[in-house]
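Enquirer: please work out how this folds:
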Amino acid sequence: MIRRERSIIMIAMVIILMMLRLPDAYAQDTANYNEALQRIYAAAASAATELALDGLGLSQLPPELWYLTELESLHLTHNQLVTLPPQIGNLGNLKTLVLSFNSLQTLPPEIAYLQQLEALYVENNAISSLPSTIGNLHNLRLLYLGHNELTAVPSQIGTMGQLQVLYLKHNRLEQLPPEIGQLGQLVYVDLSHNNLTSLPNEFGNLMTITELDLSANSLQHLPSSLVNLRSLMTFDVWNNPLVVRYPTFGDYIPAQISAYIDDQAAYDRDQFWGHLRDIVLAIVVLVVLMGGQHLLLRRYYLSQLHQQPAWP
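Expert: Presented below is the predicted three-dimensional model:
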């Protein structure tokens with residue numbers, strides 16, 4: 001009976017503590033939401049083209065935001081957004097949209113209405129897929145999707161002809177669509193820390209690339225079409241199980257790929273001679289030990305012979 005009463009008292013105390021804390025959390029959320037509203041009203045009053053609602057811990061956005069149709073830059077980083085409402089499509093004049101450090105799992109199809117968008121930052125979220133309508137962002141130049149859960153890239157990415165920077169680091173990509181070869185303006189590509197096992201042969205069409213990071217994948221082969229990447233200045237493909245060294249691609253080998261091949265060959269030679277040296281050294285040590293043991297045994301038997309009595 002006493003134990004039951006104690007349990008009831010403990011449960012009551014926990015409930016009271018929770019009730020005491022709830023108003024504080026609610027007040028904090030309300031204060032942040034009101035702060036967001038104030039910034040939205042101020043932007044509306046001044047006809048501002050930029051708005052930052054960073055770091056407010058927002059789990060939902062005030063609907064008043066979608067009336068700011070003149071916005072060109074919207075920053076929503078470090079909040080708790082899980083989804084974006086379709087009303088994001090109302091902001092047709094946006095040129096920069098920053099959604100990094102949230103909990104977004106996908107982007108709404110209505111993002112296709114942001115026809116003026118030039119830069120899209122969605123890093124450090126939980127995005128596992130992209131809508132096919134992302135291909136309608138024909139003016140997009142910068143696409144940052146690093147540190148997400150992407151397993152595939154839609155083929156419609158090939159229609160984003162103005163794209164210059166493609167940042168897909170730290171995802172779960174296993175392959176790329178051949179349409180990626182249509183991105184003729186790409187300059188910087190980071191595909192490191194994925195699960196890529198191969199690259200499409202169309203990758204060689206990206207002749208404007210100056211920086212290419214393929215490190216920390218599962219690449220076993222590089223397409224011979226990489227010979228076309230004549231603008232490469234930085235090429236990183238380390239930490240891949242590459243088994244083909246491509247001693248020659250033809251008449252021309254880009255400097256960075258040539259450096260990689262030379263480094264790989266030098267590394268292989270060093271490894272070979274290093275192993276051979278270790279083997280020879282081990283054999284020498286073994287021979288010396290056996291020789292030393294033989295000499296000790298011979299000396300011992302000779303000493304025993306000297307101690308034998310002479311024949312009468």
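
Enquirer: quick one, strands of the stretch 101-250 of the chain?
Expert: For the stretch 101-250 of the chain, the strands defined by DSSP state E, counting those that start in this stretch cover 119-121, 142-144, 165-167, 188-190, 211-213, 234-236.

Enquirer: right, so of those, which gets closest to Leu81?
Expert: Leu81 sits nearest to strand 119-121 of all the strands of the stretch 101-250 of the chain, at 13.4 Å, using C-beta to C-beta. From N, CA and C alone the C-beta is placed, and that goes for glycine too.

Enquirer: correct me, but Asn79 touches Ala36?
Expert: No: taking contacts as C-beta atoms under 8 Å, Asn79 lies outside contact range of Ala36: 9.3 Å.

Enquirer: which regions of the stretch 151-300 of the chain sit below the pLDDT cut-off?
Expert: For the stretch 151-300 of the chain, the stretches with pLDDT under 70 are 243-272, 274-275, 298, 300.

Enquirer: try 50
Expert: 244-253 (pLDDT under 50).

Enquirer: circling back to that earlier point, shared neighbours of Asn79 and Ala36, anything?
Expert: Counting by C-beta atoms under 8 Å, 6 or more residues apart in numbering, the common neighbours of Asn79 and Ala36 are 53, 56, 58.

Enquirer: which of these fall within strands?
Expert: Among those, none falls in strands (DSSP state E).

Enquirer: want to throw those into CSV with neighbour count and pLDDT?
Expert: Shown next, in CSV, are these (neighbours: other C-beta atoms under 10 Å; pLDDT from 0 to 100):
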residue, neighbour count, pLDDT
Leu53, 22, 97
Leu56, 21, 96
Leu58, 20, 96
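
Enquirer: just the endpoints, please. Distance across stretch 149-158?
Expert: 21 Å (C-alpha to C-alpha, to the nearest Å).

Enquirer: which residues in the protein form helices?
Expert: Taking DSSP state H as the criterion, the chain contains helices spanning 2-46, 255-306.

Enquirer: average model confidence for the first one?
Expert: Throughout helix 2-46, pLDDT has a mean value of 64.

Enquirer: next, the distance between the ends of stretch 61-71.
Expert: 15 Å.

Enquirer: ok, now stretch 123-131?
Expert: 16 Å.

Enquirer: so what's the gap between it and the chain middle?
Expert: The chain centroid and the centroid of stretch 123-131 are separated by 12 Å, computed with C-alpha atoms, centre = their mean, to the nearest Å.

Enquirer: which residues does that stretch contact?
Expert: Here stretch 123-131 has contacts from 99-109, 111-112, 144-154, 167, using C-beta under 8 Å, 6+ apart.
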